[in-house]
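Q: need coordinates for the following:
(2 chains)
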Number of protein chains: 2
Amino acid sequence: MPLHVGRRLPPTAYACGMEQRVSLITLGVRDLARARAFYEALGWSTRAAREDDVVFFQAGGMVVALWDRARLAEDSGVEDSGGWGGATLAHNVREPAEVVAVTEEARAAGADIVREPAETFWGGYSAAFTDPDGHPWEVAHNPRWTIREDGSIELPE
Amino acid sequence: MPLHVGRRLPPTAYACGMEQRVSLITLGVRDLARARAFYEALGWSTRAAREDDVVFFQAGGMVVALWDRARLAEDSGVEDSGGWGGATLAHNVREPAEVVAVTEEARAAGADIVREPAETFWGGYSAAFTDPDGHPWEVAHNPRWTIREDGSIELPE
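A: Model (predicted):
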């Protein structure tokens, strides 16, 4: 049953601030099967059925989704400029050597390695790749950030 | 001291798969002070100093960063197409009425509300806004997803 058909809900009861968290990142894709195969080749798994038109990956305490780029643009109320639009994801690891390992896995999965593993200007060690739809990921070791056992990140005090 | 100057690290010791998580989302911005003020107006807080050229927000178990868009493009190894590039964030809430509340906060903070709160085709209730740099956020209630007390999301089995 649809929820709340035809009525606007009052804002008064919940005027308590936007919590400081992200629930979902949706990456717009041109070819869902290709994009799904890429992330699966990196070792990620999804419960999505083969025929689903959206693929959700549980990613720590949030979700990464793959969805048709044109539908995502429409749903997001934006015009698609067709390339990169100013958002980059990062996957942080616990050791510099893991940057190399993940980069090699991405290369083997068909990623374009746009920056080979190297020391960074901010004192870390990182690489960057783009997925089959051009979405960039940095793979980084930042010696100042704590990665908890569950993979979550804790900024320094 | 710089780490690992001039040497490539061997991938062999860590060939264990890319963990299924995101550590950081960096949003490229044209005016850092304006972007920072927008997220602070939504109630977010940062330990960044006023003069810092990057602003990190602890966002649940991950980090949201604001950084100069041209530098981010260079760092990410991509060409900037100047508009939206296929990535949308979402902030999920526990009740449909919270969608309205957060949307009103975003409007008050200067967001462009590109989709007013309404029932969605997927059976939820959501709205969408763009931040001052055009980055879209969906604010959503999805009755099928669990939001834990710490704000993390759990996909259904």
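
Q: when you work out contacts or count neighbours from here on, use the C-alpha atoms and nothing else.
A: OK.

Q: so where's chain A uncertain?
A: Counting by pLDDT under 70, the ranges of chain A that qualify are A:1-16.

Q: so where do the helices sit in it?
A: Secondary structure of chain A (DSSP state H): helices at A:32-41, A:69-76, A:96-108.

Q: most packed of the ones you listed?
A: With neighbours taken as mean count of other CA atoms under 10 Å in any protein chain shown, those reach their highest mean count in helix A:96-108, at a mean of 23.

Q: now do that helix and helix A:32-41, the angle between them.
A: Taking axes from the mean of the first three to the mean of the last three CA atoms, to 10 degrees, one finds helix A:96-108 and helix A:32-41 inclined to each other by 150 degrees.

Q: hang on, the earlier thing: could the helices of chain A go into TSV alongside distance to chain B?
A: Shown next, in TSV, are the helices of chain A (distance: least, CA to the nearest CA, whole Å):
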stretch	distance to chain B
helix A:32-41	9
helix A:69-76	6
helix A:96-108	4
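
Q: please produce TSV containing these, extended by distance to residue B:98.
A: Formatted as TSV, these follow (distance: least, CA to CA, whole Å):
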stretch	distance to residue B:98
helix A:32-41	32
helix A:69-76	19
helix A:96-108	38
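
Q: which residues touch the residue of chain A found nearest chain B?
A: Residue nearest to chain B within chain A: residue A:85 (3.5 Å; CA to the nearest CA). Contact partners of residue A:85, counting by CA atoms under 8 Å, 6 or more residues apart in numbering or on different chains, are B:80, B:81, B:82, B:83, B:84, B:85, B:86, B:87.

Q: and residue A:139, how many residues sit next to it?
A: Look at residue A:139: counted by other CA atoms under 10 Å in any protein chain shown, it has 28 neighbours.

Q: was I right to think it contacts residue A:101?
A: No: the pair residue A:139 / residue A:101 is not scored as a contact, 9.8 Å apart, by CA atoms under 8 Å.

Q: find residues that contact each of the two.
A: Residues touching both residue A:139 and residue A:101 (CA under 8 Å, 6+ apart): none.

Q: what's the closest of the contacts of residue A:85 to residue A:59?
A: Using CA to CA, residue B:87 is the member of the contacts of residue A:85 that lies nearest residue A:59, at 15.8 Å.

Q: do you know how far that closest one is from residue B:63?
A: Going from residue B:87 to residue B:63 by CA to CA, to the nearest Å gives 16 Å.

Q: who's more crowded, these two?
A: A direct count of neighbours by other CA under 10 Å for residue B:87 and residue B:63 places residue B:87 higher, at 27 against 23.

Q: can you map out the strands along chain A?
A: Using DSSP state E, the strands found in chain A span residues A:24-29, A:54-59, A:62-68, A:87-92, A:112-119, A:125-130, A:136-141, A:146-147, A:153-154.

Q: make CSV from the ones you listed and add distance to chain B to it.
A: Formatted as CSV, those follow (distance: least, CA to the nearest CA, whole Å):
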stretch, distance to chain B
strand A:24-29, 5
strand A:54-59, 4
strand A:62-68, 5
strand A:87-92, 5
strand A:112-119, 5
strand A:125-130, 6
strand A:136-141, 6
strand A:146-147, 9
strand A:153-154, 5
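
Q: which one of those strands lies closest to residue B:107?
A: Per CA to CA, nearest to residue B:107 of the strands of chain A: strand A:24-29, 20.9 Å.

Q: gap between that closest one and the chain center?
A: Averaging C-alpha positions (CA atoms, centre = their mean, to the nearest Å) puts strand A:24-29 7 Å from its chain's average.
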